[in-house]
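Asks: Any chance you could fold what I've pasted below:
(chains A and B)
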Number of protein chains: 2
Amino acid sequence: MAYLTSDPAISLDGYLAGPGQDLEHPLGIGGEGLHRWHWEEADENAAEIEAICTAGAYIMGRNMFSPGRGEWDPDWKGWWGDDPPYHRPVFVLTHHEREPVEMQGGTTFDFVTGGIEEALRRAVAAAGDGTISVAGGASTINQFLRAGHIDELRLHVAPIVLGSGEALFRDLKGLSFEIAASRSTSLVTHVTLRRVRG
Amino acid sequence: MAYLTSDPAISLDGYLAGPGQDLEHPLGIGGEGLHRWHWEEADENAAEIEAICTAGAYIMGRNMFSPGRGEWDPDWKGWWGDDPPYHRPVFVLTHHEREPVEMQGGTTFDFVTGGIEEALRRAVAAAGDGTISVAGGASTINQFLRAGHIDELRLHVAPIVLGSGEALFRDLKGLSFEIAASRSTSLVTHVTLRRVRG
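Replies: Coordinates of the predicted model:
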């Protein structure tokens, strides 16, 4: 049975990216503050950082894979260099077909034009015994939350207020979780939430 | 030197109350879910519950003190019965003057028509060596955050998504805190944030 996780880093006011995202500011204005714990406290947060990339397959939105829209630039192979940290199949949601891209280290990018349900079916088939991680961005995680598919939401809450940007919980309501665990350093609170099945 | 704390209970999407607040739903639709940890896990959360009412003086908005607006109903003496849990001076922000109300157990309600700065001056004078707690509601805490007055923000985050209501961080941006501590039970994550002074 498929088990879906997601690891969004969000602000206290629930934004996964600040306003004004572009090539220069891929996380929006102020959004880099969401990830300071990654860089400035890598040792203290090693367990949580490592856990982000232990799934059997990944799903991400085009917004997370590339800065562009419309037809594909075939030279664009993600933000992560030749050897992305996934080492497993990654299914990228898009409206534009593209042949799979094979990277070093076992990561493949497969492009899915049939929406989140097709992405989920293909990820389940590819994941083997592993979990499936919905990697981002905000809109993709939001769609999976809305559909009730996320079993374990691992929030990484940075102690900042962004004021606007990409809201993780946009237009959602009535969701309820159980808190399985939490832990904090000075720059992040990790909270593991499990879905309450009604 | 005055030390200001605040203990808002909020949802994952940052709401301190749900939509549709009225006499029947003082916390709005779904808002009672913000406080389940108070009632269903009172023992596990005893330390945090007790810490909420240990200040030397309190400040609250009229919205927290009474359901009404406009001129005062002199019979209304708060939601808390004859012996409110504060046992110290409580300064209530209002646009309508009213004589102080003395309750049992040491709680007095003083009514302040000069805005948050007057309330703060009077609370400092009344608190002695104690801290000052900004008790709520959302608009009052929001004003104190905006003015940079909250030294220690103790969030009590319930694992629910309300979707709309009274947003704690409404129209704020660029705030930054340091995480001093966190702890969770199945129904709440307590996060103690200290203001980063720029």
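Asks: separation between the residue lying closest to A:Arg62 once chain neighbours are set aside and B:Phe91?
Replies: Sequence neighbours aside, A:Thr94 is the residue nearest to A:Arg62 in space, at 4.7 Å (criterion: C-beta to C-beta, 6 or more residues apart in numbering or on different chains). No exception for glycine: its C-beta is placed from N, CA and C like everyone else's. With distances taken as C-beta to C-beta, to the nearest Å, A:Thr94 is found 56 Å from B:Phe91.
Asks: Likewise for A:Gly106?
Replies: Distance, A:Gly106 to B:Phe91, using C-beta to C-beta: 62 Å.
Asks: Comparing the two, which shows the higher neighbour count?
Replies: B:Phe91 (26 against 12; other C-beta atoms under 10 Å in any protein chain shown).
Asks: Give me the residues contacting the helix or strand harbouring the more buried one.
Replies: When secondary structure is defined by DSSP states H and E, B:Phe91 falls within strand B:89-93. Under the criterion C-beta atoms under 8 Å, 6 or more residues apart in numbering or on different chains, residues B:57-62, B:65, B:84, B:107-112, B:115-116, B:119, B:122-123, B:126-127, B:135, B:140 lie in contact with strand B:89-93.
Asks: Where does pLDDT dip in chain A?
Replies: Using pLDDT under 70 as the threshold, the predicted model of chain A has low-confidence ranges A:198.
Asks: longest single strand anywhere in it?
Replies: With DSSP state E setting the assignment, residue counts place strand A:175-184 as the longest strand in chain A.
Asks: what angle do the next helix-or-strand element following it and strand A:175-184 make?
Replies: For strand A:175-184, the succeeding helix or strand toward the C-terminus, using DSSP H and E, is strand A:189-195. Here strand A:189-195 runs at 150 degrees with respect to strand A:175-184, directions being taken by axes from the mean of the first three to the mean of the last three C-alpha atoms, to 10 degrees.
Asks: Summarise which helices and strands strand A:189-195 is packed against.
Replies: The elements that strand A:189-195 packs onto, with contact taken as 3 or more C-beta pairs under 8 Å, 6 or more residues apart in numbering or on different chains; DSSP states H and E, are strand A:152-157, strand A:175-184, strand B:175-184, strand B:189-195.
Asks: and the strand holding B:Phe91, how far out from the chain's middle?
Replies: For strand B:89-93, the separation from the chain centroid amounts to 11 Å (computed by C-alpha atoms, centre = their mean, to the nearest Å).
Asks: Stretch A:89-97 now?
Replies: Between the mean C-alpha location of stretch A:89-97 and the chain-wide mean there is a distance of 14 Å, by C-alpha atoms, centre = their mean.
Asks: same deal with stretch A:86-106?
Replies: 15 Å.
Asks: Equivalent analysis for stretch A:167-179, please.
Replies: Mean C-alpha position of stretch A:167-179 versus that of the full chain (C-alpha atoms, centre = their mean) differs by 16 Å.
Asks: For chain B, tell me whether that stretch is touching it.
Replies: Yes: for a cut-off given as C-beta under 8 Å from any C-beta of the partner chain, stretch A:167-179 has contacts with chain B, namely A:Ala167, A:Leu168, A:Phe169, A:Asp171, A:Leu172, A:Lys173, A:Gly174, A:Leu175, A:Ser176, A:Phe177, A:Glu178, A:Ile179.
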